[in-house]
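Undergrad: structure of the sequence below:
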Amino acid sequence: MVLVRQGNDTLLMPDTTEPLPEQFQPLVKFRGNETNWAVESGSEESLWKVVQTSKEEKTPGYKLSEGDVIKLGRMKYKVKELRTWADM
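TA: Sure, this is the predicted structure:
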């Protein structure tokens, strides 16, 4: 899944290999399966993260958990539940 900005709105869209239309700006991508979810940059720009973690990180992205808060610009998103796209 990919979170995109369209003007002042944000939308959650399925992640595809085809490029997004110009009016959509990708913010973050969500990757996962039934047990693990991670957030990655939605574009070629680096994804900033401010989290308390150890310095021994070995995987890119950040493993999401229920209750995590993701702030994108002036918007905050709280992870309420982790589900696969097939569950929706």
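
Undergrad: packing partners of the helix or strand harbouring residue 39?
TA: Residue 39 belongs to strand 37-41 when assigned by DSSP states H and E. Judged by 3 or more Cβ pairs under 8 Å, 6 or more residues apart in numbering; DSSP states H and E, the packing partners of strand 37-41 are strand 25-32, strand 62-64. C-beta: built from backbone N, CA, C; applies to glycine.

Undergrad: quick one: closest of those to residue 3.
TA: Closest approach to residue 3 among the helices and strands packed on strand 37-41 (Cβ to Cβ): strand 25-32, 4.7 Å.

Undergrad: what's in contact with the closest one?
TA: For strand 25-32, the external contacting residues (Cβ atoms under 8 Å, 6 or more residues apart in numbering) are 1-6, 10, 15, 20, 37-43, 47, 61, 64, 70, 72, 82, 84.

Undergrad: rewinding a little: turn the helices and strands packed on strand 37-41 into CSV, columns for distance to residue 77.
TA: Shown next, in CSV, are the helices and strands packed on strand 37-41 (distance: least, Cβ to Cβ, whole Å):
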stretch, distance to residue 77
strand 25-32, 9
strand 62-64, 11
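
Undergrad: go through the ones you listed and pick out the most buried.
TA: Comparing those by mean neighbour count (mean count of other Cβ atoms under 10 Å), strand 25-32 ranks first with a mean of 18.

Undergrad: about what we covered before: give the buried residues for the strand holding residue 39.
TA: Within strand 37-41, the residues scored as buried using 16 or more other Cβ atoms under 10 Å are 37, 39, 41.

Undergrad: that one vs strand 25-32, what angle?
TA: 150 degrees (axes from the mean of the first three to the mean of the last three Cα atoms, to 10 degrees).

Undergrad: sheet partners, orientation included, of strand 37-41?
TA: strand 25-32 (antiparallel), strand 62-64 (antiparallel) (DSSP bridges).

Undergrad: with mean pLDDT added, can I get the ones you listed in JSON lines?
TA: Converted to JSON lines, the strands paired with strand 37-41 look like this (pLDDT from 0 to 100):
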{"stretch": "strand 25-32", "mean pLDDT": "82"}
{"stretch": "strand 62-64", "mean pLDDT": "77"}
